[in-house]
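>>> Following is a predicted model, sequence given first.
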Amino acid sequence: MRQFTPLQNTRLDVDDFIAKRPLFTDEEWLDLLAEIFAELRRRNFQTHVNAWVDMGDMTGRNQDAIKKTAAGMLKLLYPHRTVEELRETEIAPIIEFAVEMRRRTTDQLAQVLPAEFSNIDYSYKLQRSV
């Protein structure tokens, strides 16, 4: 059996991936998927979140985490939508998911540092500002 060496790279070089893919699989559809993900990395979906969500008095650290999670989910679920085309029924569950993931993270951090990570405000308003 050949030794499996995973490709671990934060910046995907599509040509390099295509050249190395035969080392771990013969599935050619992965080439197309890699090109799609490489293209999506270049697109900024945080503008979508900024246009729809008012985070109020939430800390900058929490805002960043929620925006990045929501932007990533938007890239995967609605890569074809512009800010203007995005509907409230599409973004609302994504924002709820991102807030819940951040809440779970800070709940775990509160186990270590309760003074710093307790009584955190996660309130936000969903409103289209475009």
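Sure, I can see it.
>>> Now do the longest helix that the chain contains: distance to the chain's middle.
Longest helix in the chain, counting residues (DSSP state H): helix 88-112. Distance, stretch centre to chain centre, for helix 88-112: 12 Å (C-alpha atoms, centre = their mean, to the nearest Å).
>>> which residues touch that helix?
Contact with helix 88-112 is made by 48-49, 52-53, 62, 65-67, 69-70, 73-74, 77-78, 81, 116-118, 120, 122, 124, 126, 128, as judged by C-beta atoms under 8 Å, 6 or more residues apart in numbering. Backbone N, C-alpha and C define where each C-beta goes, glycine included.
>>> Now, of these, which are buried?
Buried by 16 or more other C-beta atoms under 10 Å: 48-49, 52-53, 62, 65-67, 69-70, 73-74, 78, 124, out of the contacts of helix 88-112.
>>> Now compare those residues and name the two farthest from each other.
Farthest-apart pair in these is 62 and 78; separation 23.2 Å (C-beta to C-beta).
>>> residue contacts, the spatially most central residue of the chain?
With distances taken as C-alpha atoms, centre = their mean, the residue of the chain nearest its centroid is residue 72 (2.2 Å). By C-beta under 8 Å, 6+ apart, the residues touching residue 72 are residue 45.
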